[in-house]
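Enquirer: Okay, sequence plus prediction incoming.
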Amino acid sequence: MTLPAIEADAAARPPRIGLLDTARGVALIAMATYHFSWDMEFMGYLTAGTAETGWLKIYARAIATTFLFIVGISLVLSSTPEIRWPSFWKRFGMIAAAAAVISIATRIVMPNEWIYFGILHCIAVLTLIGVVFLRLPLVVTLITTLVLLAAWLTDNFGPPGLIRSSFFDPRYLAWIGLAAMPERSNDYVPLFPWATPFFAGLSFALIAIRTRLPHRLAAIGTDSWWPARLGRHSLAFYLIHQPVLIGIAYGLSLVIPPQAADPVATYLRQCNSACVMQQGEALCRSFCQCTLEKLQAQALFTPLQAGAINIETDERVQTIAAECSAEAQ
């Protein structure tokens, strides 16, 4: 590329938007506060399931929605006027590598609930999908966004399980997001429904580029704000913050140990919080109570709580889950 061509390309690029960096930084801070509540629950200071239910559940989903919306916007801005492939593959490689590190680390530390498809995995795959849509007409992206939104509304407000199937329950398919009862994970962000905010961001940015809105937003001077500076280093912050926070929670537990929790109440809350991510509350209450009773009847509850039983490979537990799932329908 000649010097005039390079200068023309640079002039056509959207300016860096400090407001977008600030929004990303604020979302990172919100994420850290949520993760600290999870850490406090993990250490026993909060009732089991607290971080996955009620307003904290809504808080977590709002944070994830914000991140993915911003990812969609950022992909468009970084690929205008054309995709800069070396930069694209560098960013993708960093995200994919970070996702792999998280999977490996959690597989070792918490094998029963390891992160096989969390938000970084989702961002990596959506980035590959999104770059294809950048080459398609805008109307295709808009229609895809509306279809995803309609599917999300159907999944949440339509007949239970209408677009889900147990066929997608295994991990190698659960990442798609159509599982009826996906295998447990401490961070599960499948493509559906989470492609919806990503495509919304993609659509918004593609329209904004045509109206020169990025140039007007760039004029709002927030570049020097510390949330904006934090937002420019989001991946590093994401990887570092959780070990620091859980270290703080662990240190606190050494000084002020948490009170012991009731194992039955803990099990029911954990079971319900994991279940309601994909199913209705009434069905989940029935399912969890059923599994509790069967586990106790077969003298499996205590060893399961002690970690002596692997819920993923133990045929007795799998049979109980299948029976209770059928009974709860």
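Expert: Right, received. Where do you want to start? Just so it is clear, the structure is predicted and the values come from calculations on it, not from any experiment.
Enquirer: Where does the record place the domain boundaries for this structure?
Expert: Structural domains of the chain, as assigned by automatic domain parsing, span the residue ranges 3-255, 280-328.
Enquirer: Let me know which of the ones you listed is tucked in deepest.
Expert: Burial of the domains of the chain is given as mean neighbour count (mean count of other C-beta atoms under 10 Å); domain 3-255 ranks first at a mean of 17. (C-beta placed from N, C-alpha, C; glycine too.)
Enquirer: Figure out how far it is from the centre of its chain.
Expert: In terms of C-alpha atoms, centre = their mean, to the nearest Å, the centre of domain 3-255 is found 6 Å from the chain centre.
Enquirer: which of the domains of the chain has the lowest average pLDDT?
Expert: Looking over the domains of the chain, mean pLDDT reaches its minimum on domain 280-328, with a mean of 82.
Enquirer: how far does it sit from the chain's center?
Expert: Computed by C-alpha atoms, centre = their mean, the chain-centroid distance of domain 280-328 equals 26 Å.
Enquirer: residues touching W225, list them.
Expert: For W225, the contacting residues are 18, 22, 25, by C-beta atoms under 8 Å, 6 or more residues apart in numbering.
Enquirer: Can you tell me how far the second one is from L295?
Expert: This points to T22. Applying C-beta to C-beta, to the nearest Å, the value for T22 to L295 is 48 Å.
Enquirer: Repeat that for the first one.
Expert: Counting by C-beta to C-beta, the separation of G18 from L295 is 54 Å.
Enquirer: Once you drop chain neighbours, what's closest to I29?
Expert: P227 (6.9 Å; C-beta to C-beta, 6 or more residues apart in numbering).
Enquirer: Which helix or which strand is home to the one you found?
Expert: Taking DSSP states H and E as the criterion, P227 maps to helix 226-231.
Enquirer: which residues touch that helix?
Expert: 18, 20-29, 222, 237.
Enquirer: In helices, which of those residues fall?
Expert: Applying DSSP state H to the contacts of helix 226-231, the entries found in helices are 18, 20-29, 237.
Enquirer: and N156, what does it touch?
Expert: N156 touches nothing, counting by C-beta under 8 Å, 6+ apart.
Enquirer: Wait, a helix at it?
Expert: Yes. Checked against DSSP: H, G, I helix; E, B strand; the rest coil, N156 lies within a helix.
Enquirer: Next one: it from R164, what distance?
Expert: 12 Å.
Enquirer: L56 against L46, yeah?
Expert: No. Between L56 and L46 there is no contact under C-beta atoms under 8 Å: 9.2 Å.
Enquirer: anything in contact with each of the two?
Expert: S37.
Enquirer: for P258, helix, strand, or coil?
Expert: Reduced to three states with three-state DSSP, the structure at P258 is coil.
Enquirer: Assess the claim that it and T47 are in contact.
Expert: No. P258 is beyond contact range of T47, at 10.5 Å (criterion: C-beta under 8 Å).
Enquirer: circling back: can you list the domains of the chain in JSON lines and add distance to A265?
Expert: Below are the domains of the chain laid out as JSON lines (distance: least, C-beta to C-beta, whole Å):
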{"stretch": "domain 3-255", "distance to A265": "7"}
{"stretch": "domain 280-328", "distance to A265": "10"}
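Enquirer: Ok, which of those comes nearest R269?
Expert: domain 3-255 (3.3 Å; C-beta to C-beta).
Enquirer: Please list all residues in contact with I123.
Expert: 67-68, 71, 95, 99.
Enquirer: got CSV for the residues you listed, with distance to I108 and secondary structure too?
Expert: What follows is those, written out as CSV (distance: C-beta to C-beta, whole Å; DSSP: H, G, I helix; E, B strand; the rest coil):
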residue, distance to I108, secondary structure
F67, 26, helix
L68, 28, helix
V71, 28, helix
I95, 21, helix
A99, 15, helix
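Enquirer: from those, which is closest to F192?
Expert: Nearest member of the contacts of I123 to F192, counting by C-beta to C-beta, is L68, at 12.2 Å.
Enquirer: Might one say that that closest one is in contact with G130?
Expert: No. Look at L68 against G130 with C-beta under 8 Å: they stay out of range, at 10.5 Å.
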